[in-house]
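S.K.: only geometry, no sequence info:
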C-alpha cells in the first residue's frame, strides 16, 4: 500500500501522514486481533444454552451475540460474523468478526464449532 502512495501525485507531507496512518492501523490490528494484547480483544467464544454466542474480552467483560448468516465455515478457516446484543455503538461497529484457524483451538472443539455454525443455528 505504501508503494502505491509513492506513485501518487501528492505532496510528500501528505504521503508521509498517510504512510504513518497506515502503519499505525496495521500495528493496531496486529495487537488487537493477532497478539490479543488490547483489553477489548476477544479471547473466548462459547455457545450458551440459548443457542447464542458468549464472547469474552481480555479484560473479562462478557457479551452475548447472535451469528449472522454470512459467516464463513471451512476446515482451514472459520470467520464468525456476529451481532452483539447489549454493547455500545462503537464496540458493535468495530468488533463484529472473529477469524479462527484450526491451530488456535483444540481439534474437537473446532469441529464442534464448525458443525454448530453450519447446522446448529435456528434460521
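M.R.: Done, it's in. Here the structure is a predicted model, which means the values were calculated and not measured.
S.K.: So which residues of the chain form helices?
M.R.: With helices called from DSSP state H, the chain shows them at 2-7, 12-29, 89-94, 107-115.
S.K.: and the last one, average pLDDT?
M.R.: Just to be clear, that refers to helix 107-115. Per-residue pLDDT over helix 107-115 has a mean of 93.
S.K.: Does anything pack onto that helix? Which helices or strands?
M.R.: Helices and strands touching helix 107-115, by 3 or more CB pairs under 8 Å, 6 or more residues apart in numbering; DSSP states H and E, are strand 78-84. For glycine as for every other residue, the C-beta is placed from the backbone atoms N, C-alpha and C.
S.K.: hmm, who's touching the strand it packs on?
M.R.: Strand 78-84 has contacts (CB atoms under 8 Å, 6 or more residues apart in numbering) with 45, 53, 55, 63-68, 70-72, 91-92, 95-101, 110, 113-114, 117.
S.K.: if you set the cut-off to 7 Å instead, what comes out?
M.R.: With CB atoms under 7 Å, 6 or more residues apart in numbering as the contact definition, strand 78-84 has outside contacts at 53, 63, 65-68, 70-72, 91-92, 96-100, 113-114, 117.
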